[in-house]
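Asks: Coordinates only, no sequence provided:
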């Protein structure tokens, strides 16, 4: 933003635009098309307000909204895509939304906002594909971890009005949609998991915990006696302690399976009482993907050499055993990079 502009506020500016409305009017006629477009815009407005945003104005077949932070804009982005997608429509009445949002300084005048942030967000919406959302790399860095993990970096693009290419990111709305929408709203649920993403995470965490338990036993340690988790009969507290170091790898694999379309909504079953679990075939697919991921070589920061990911629990267990016996340096947890 140029130094001559003096923003009076900072916020996330979002532009959402319906794609295909012109063709819709031609296919189904003015009355039916207007009703569907109006329903979509009203649904988008509700999604914005539900996520603590404010609709500034309508922009043709779309709207402009502002949010206090980037996370709220991302939440609204997902909500808009999902609510529009779920609207009842016929085979010739499909509509999609393209969204762009950017966080920065704006000039406030009454209920409207102006400035380079607004213009940039509008340009991002023009670049987005139907059903997609684009944000700036700067805004993406402001997002919480649950969003950063589903951000795809795009090649630098030339934006109209800017002197140099801009670093952009695409929000994987379609990948996030069916499987993790509820998890973002409700957070982590377990014993039992009550949504698809948490069911997948619980399954992956359980496999990592079992590997950590075996590694601790191989290193001569009692997996029942831990430091971070409370001691309970039958609970492998030390294995749970060690497994904490591998949660990011489970999270990454879960998002990879979702983003690649290897798991769909129908791969999960809703059981009595509200619990959600993987179907048998889906469990097999996850186990195969887990075993393949364990073959990946990673650079162990302490050993300074390449080690298969599947052997890292054993390496860490041996390092922990050595530290507990005062045979070496203090224990250094394994940090994913």
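Replies: Arrived safely. These figures come from a predicted structure and were not determined experimentally.

Asks: Looking at stretch 117-124 now, give me its mean pLDDT.
Replies: Averaging pLDDT along stretch 117-124 yields 92.

Asks: make that stretch 214-231, sorry
Replies: Stretch 214-231 shows a mean pLDDT of 83.

Asks: do the same with stretch 69-82
Replies: Rounded mean pLDDT across stretch 69-82 is 86.

Asks: Report how many residues lie close to the closest residue to residue 237 other than its chain neighbours.
Replies: Once flanking residues are discounted, residue 237 sits nearest to residue 226: 2.9 Å by C-beta to C-beta, 6 or more residues apart in numbering. (Glycine included, C-beta is placed from N, CA and C.) Using other C-beta atoms under 10 Å, the number of residues around residue 226 comes to 19.

Asks: Under a three-state scheme, what state does residue 226 occupy?
Replies: State at residue 226, reduced to three classes by DSSP: H, G, I helix; E, B strand; the rest coil: coil.

Asks: check contacts around it.
Replies: When contacts are counted by C-beta atoms under 8 Å, 6 or more residues apart in numbering, residue 226 touches 236, 237, 238, 239, 240, 241.

Asks: Show me where the stretch 151-300 of the chain has its helices.
Replies: All helices of the stretch 151-300 of the chain, identified by DSSP state H, counting those that start in this stretch, fall at 173-186, 196-218, 237-243, 247-259, 280-293.

Asks: Tabulate those helices in JSON lines, adding columns for mean neighbour count.
Replies: Listed next are the helices of the stretch 151-300 of the chain as JSON lines, based on neighbours: other C-beta atoms under 10 Å:
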{"stretch": "helix 173-186", "mean neighbour count": "19"}
{"stretch": "helix 196-218", "mean neighbour count": "21"}
{"stretch": "helix 237-243", "mean neighbour count": "22"}
{"stretch": "helix 247-259", "mean neighbour count": "19"}
{"stretch": "helix 280-293", "mean neighbour count": "14"}
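
Asks: got those helices as CSV, with distance to residue 125 columns?
Replies: Below are the helices of the stretch 151-300 of the chain laid out as CSV (distance: least, C-beta to C-beta, whole Å):
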stretch, distance to residue 125
helix 173-186, 13
helix 196-218, 28
helix 237-243, 42
helix 247-259, 23
helix 280-293, 35
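
Asks: what pLDDT, on average, does stretch 319-332 get?
Replies: Stretch 319-332 comes out with an average pLDDT of 80.

Asks: Show residues contacting that stretch.
Replies: By C-beta under 8 Å, 6+ apart, the list of residues contacting stretch 319-332 reads 216, 219, 220, 221, 242, 301, 302.
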